[in-house]
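*Asks:* Provided below for reference: sequence and predicted model.
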Amino acid sequence: SSEMEYINKYRQLEAQEFDMCGSAHPNSRPGSRPPSAKLSNVTCIPETAYKYPDLPINRCKEEVISLIESNSVVIIHGATGSGKSTQLPQYILDHNIQRSTYCNIVVTQPRKIGASSIARWISKERSWTLGGLVGYQVGLEKIATEDTKLIYMTTGVLLQKIVSAKSLMEFTHVFIDEVHERTEEMDFLLLVVRKLLRTNSRFVKVILMSATINCKEFADYFAVPVQNQMNPAHIFEVEGKPYSIEEYYLNDLVHIHHSKLSPHLLEEPVITKDIYKVAISLIQMFDDLDMKESGNTTWSGAHIVAERSSVLVFLPGLGEINYMHELLTNMVHKRLQVYPLHSSVTLEEQNNVFLSPVPGYRKIILSTNIAESSLTVPHVKYVIDFCLTRTLVCDEDTNYQSLRLSWASKTSCDQRKGRAGRVSKGHCYRLVHKDFWDSSIPDHVIPEMLRCPLGSTILKVKLLDMGEPRALLATALSPPSLSDIERTILLLKEVGALAVSGQREDENPHDGELTFLGRVLAQLPVNQQLGKLIVLGHVFGCLDECLIIAAALSLKNFFAMPFRQHLDGYRNKVNFSGDSKSDCIALVEAFKAWQACRQRGELRHPKDELDWGRLNYIQIKRIREVAELYEELKTRISQFNMYVGSQRPAVDHEYIYKQRFILQVVLAGAFYPNYFTFGQPDEEMAVRELAGNDPKTTVVLKHIPPYGFLYYKQLQSLFRQC
Ligand SMILES: Nc1ncnc2c1ncn2[C@@H]1O[C@H](COP(=O)(O)OP(=O)(O)OP(=O)(O)O)[C@@H](O)[C@H]1O
C-alpha cells in the first residue's frame, strides 16, 4: 500500500550508500579488527583452572568462538537453558584473556532482573567480585568499574549509551540477547547497531541470541553485500537442551477439572474462578508427583522426604497475582512460601525469589512476564501458564495508551516453559485446551514499533542526527507505517519538542528541527509530558515541585493502600493534597514532609522511618526510589543550566496560594491536550436517562466520541459487576 511505499525507496537509497561506502574501504572487510586495536590496555588476570558447566553450548565452544571471531554478525539459536546468556560471553572473555587481547563485552537483557541476576551468578560461579571483571548496569544502578570487561545491561541502557556516543566502538563485542522480544527499544537498538556497523563501527562483533526466533529474518536483516550479492549473516544452531520438559494442556488434566469447564468461556482472554481452581489443585498434586519422581524409598527401605520443587506461575498482572496469592494464603497447613514477582516489587525484593526455600516448604512464584525470559530460578520444576498477557495498545485518534488483556503468543509461552527444565527435568501446564492452543494462540507478538507511540524513538533519531526519521525508520526490521510517523511528528510539534516552521506551505509533516525542549526530553528518563512539566517548572519557578511529580509519576505509586484500609489510605492522601483534590499535589506534599523529617534527623533509625511510613500510609522503599530518580533528574537537567534554587521560606498565605496556582497552571500546560472537565450533575436529566433502571447498578455514558466503539470492550469489563 502507499503507506508502505516509502520503505522501498529509502531502503534502496540505503543500499546505494552502503555500496559506495564499501568501495571506499576495499581492504576493510567487516569482521576483522585492524591490528592497532590489539594488545592495548590488557588486563592481566591469573589464569584459573575454571571448568565450565556441562551445558549444551559447551560441546561447541571452539566452533562458536571461531565463528564469532571471523564474522561481523552471528545469530545464535539454541534451546532455553542451553547456556547462551551465561556461557558464551565468558568464552569470548576467556579467549581474549588467554591471548592477551583487549576486549570489552556488553550483553543486553530485556529486563533489569535478568541482567543483574546473570551477572551475579557468573561472579559467584567464577569467584570474582561483582563489579570486577563482570558487572551490570540497570536503570540508575551500576555495579561496574574500570576493570569490568563483561557487562550485562538492559536493552534501554545500551541504547541510550550508543545514541549519545553515536558509535559502538566502546565495545569489542555486543551481544543482544532475547531478540525475539520485539519492543520498540529492541527494534530501534537493532536498527542503530546495523547502521553503525556499516559506518563507523565496522570492527565491532555483534551476536544476536534467542531460543525462539525466525533466524532467517534476522540473518537477512543483517546481510552484507559481497561481490554484488547480499550475504545473510551467519546462523549457528546450538544442538541439544539441558533437560526435557513435559507439556500438558487442559485436556490432559481431566482428572482435576472433570470436564466441568465451559468451552465457550475458555476462549475469552479472562481467568474464571474455575481456572484458578485448576491451578490450585495442580499445586496440591505436586506433592505426589515429587514423591513419585524421587522414588520414595532408599536402599535401606527407609522413607525419605522428597524435595518439594518450586513452582512458577505466569499471570497477566498485579490484580490476578493478588487474587491467586489470597487463594494460596487461605490454604492452611500446606507449607507454601509464596513470592509475588512483578515490576512494582522493588529490585531488592525481586531478588528474594532466587533464595532457597525453607526446608520442607514449597516455593511458589506468582509472576507476570517479568520472569518470562533470561531467568534461571533454581529449584523451579513446575511452570503453570495461564497463557495470558497485558499488551500496550495505543488508540490512533487520541493517542491514549492502555494495557489490554490478551492471549500471550506461542513464542512467549515457549519462553515461559523454558524457565523449567534448567537444573532438572521439568513440567509445564498450559491452562488452555490443546485445540485452542493450536488454532487460536498467535505464533508471535506484533512488534511494538507497529502498534505503540513512536515519540521517544523519533527523539532519539533526531539526536543521532542521521537524517529524516522516516528514512531511518524505513530500515527497521518492521518499519512503522508512514501515517504513524506523521502522527508522532505532529504530536512532538504540539508538545514543542520539534519546531514548527513559520510558513504553512514549508511545513514538513515528516520532520522538524529539534528544539531546546526536544533536546531536554531526549535526555530524560521520563515520558514527554513529564519532561515538559520539568522544563515548564524551570520557566515558572516551581522546578522542585515538578521534579518531584515527574519522578513520582514515573515510578510506582508510593502511597500505600493497605488491604482492608483503603478508605483510611485514601483519606490520608486527600489530607496531603490540601483542598486541591490533586494527586500531583498530594505527591509533592507527602514527599516534602518525608524530606523535612529526614532533614530534621527524625528518621535516622530505620524503624522510625518505617513507623513514619505506616502512620502516613507511605511505602518507604518506594519513596526512596522516587528520591533517587528525583536526584538523577536534577543532575541530568543541570547540563542545560537548570537548577533548583534555594527555597524562599513559605511565610505568608498569599505567597503559598500564588505558588500553588502557578503549579496548577504548569500542570495544565504539561499535560495538554489530555484534559477532561468535571460538571455538576443534572438530577432531572439523570432520572430521565435512567428510564426506571436501578441507579445503583446502571452506568450511563454520554458524549462518547465517534470512535467510542474502540473502548466498548474495556468499558464493559470495567462495569462487569453492574
Ligand atoms: N542462577 C542459577 N542457578 C543455577 N543454575 C544456573 C543459574 N543461572 C544459570 N544456570 C545454569 O546455566 C544454564 C544456562 O543458562 P543461560 O541463561 O545461559 O541459558 P540460555 O541459553 O541463555 O537460556 P534462555 O534462552 O532461557 O535465556 C541453566 O540452564 C542452568 O543450568
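*Replies:* All right, it came through fine. Numbers count the residues shown, from 1 in each chain.
*Asks:* residues near the nearest residue to Pro673 once chain neighbours are set aside, how many?
*Replies:* Among residues not flanking Pro673 along the chain, Glu494 sits closest, at 7.2 Å (C-beta to C-beta, 6 or more residues apart in numbering). C-betas here are computed from N, CA, C, even on glycine. Residues near Glu494, counting by other C-beta atoms under 10 Å, number 13.
*Asks:* just checking, what packs against the host helix or strand of Glu494?
*Replies:* According to DSSP states H and E, Glu494 maps onto helix 482-495. With contacts defined as 3 or more C-beta pairs under 8 Å, 6 or more residues apart in numbering; DSSP states H and E, the packing partners of helix 482-495 are helix 2-24, helix 455-464, helix 469-473, helix 516-523, helix 528-539.
*Asks:* In JSON lines: those helices, plus mean pLDDT and mean neighbour count.
*Replies:* Output for the helices and strands packed on helix 482-495, formatted as JSON lines (pLDDT from 0 to 100; neighbours: other C-beta atoms under 10 Å):
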{"stretch": "helix 2-24", "mean pLDDT": "75", "mean neighbour count": "13"}
{"stretch": "helix 455-464", "mean pLDDT": "89", "mean neighbour count": "22"}
{"stretch": "helix 469-473", "mean pLDDT": "93", "mean neighbour count": "23"}
{"stretch": "helix 516-523", "mean pLDDT": "90", "mean neighbour count": "20"}
{"stretch": "helix 528-539", "mean pLDDT": "94", "mean neighbour count": "23"}
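*Asks:* so which of these comes closest to the ligand?
*Replies:* When the helices and strands packed on helix 482-495 are compared by C-beta to the nearest ligand atom, helix 455-464 sits nearest the ligand, at 25.5 Å.
*Asks:* what's the angle from the closest one to helix 528-539?
*Replies:* Helix 455-464 and helix 528-539 are oriented at 60 degrees to each other (axes from the mean of the first three to the mean of the last three C-alpha atoms, to 10 degrees).
*Asks:* any idea of the angle helix 455-464 forms with helix 482-495?
*Replies:* Orientation of helix 455-464 against helix 482-495 (the same axes, to 10 degrees) gives an angle of 80 degrees.
*Asks:* Show me what helix 455-464 is packed against.
*Replies:* Helix 455-464 packs on helix 155-165, helix 184-198, helix 469-473, helix 482-495, helix 516-523, helix 528-539, going by 3+ C-beta pairs under 8 Å, 6+ apart.
*Asks:* residues making contact with the next helix or strand after the first one?
*Replies:* Read that as helix 155-165. Using DSSP H and E, the helix or strand that follows helix 155-165 in sequence is strand 173-176. With C-beta atoms under 8 Å, 6 or more residues apart in numbering as the test, strand 173-176 has contacts from 68, 88-89, 92, 103-108, 155, 158, 168, 186, 189-190, 193, 204-209.
*Asks:* Only whichever of those are buried, select them in ChimeraX.
*Replies:* Of the contacts of strand 173-176, the buried ones can be selected in ChimeraX as follows, counting by 16 or more other C-beta atoms under 10 Å:
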select :68,88,89,92,103,104,105,106,107,108,155,158,168,186,189,190,193,204,205,206,207,208,209
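*Asks:* among the contacts of strand 173-176, which are in reach of the ligand?
*Replies:* Counting by C-beta under 6 Å from any ligand atom, nothing from the contacts of strand 173-176 sits close to the ligand.
*Asks:* still on that earlier bit, run the angle between the helix holding Glu494 and helix 516-523 for me.
*Replies:* 120 degrees.
*Asks:* any idea of the mean pLDDT in helix 482-495?
*Replies:* If you average the pLDDT over helix 482-495, you get 90.
*Asks:* Having no further points to raise, I will conclude here.
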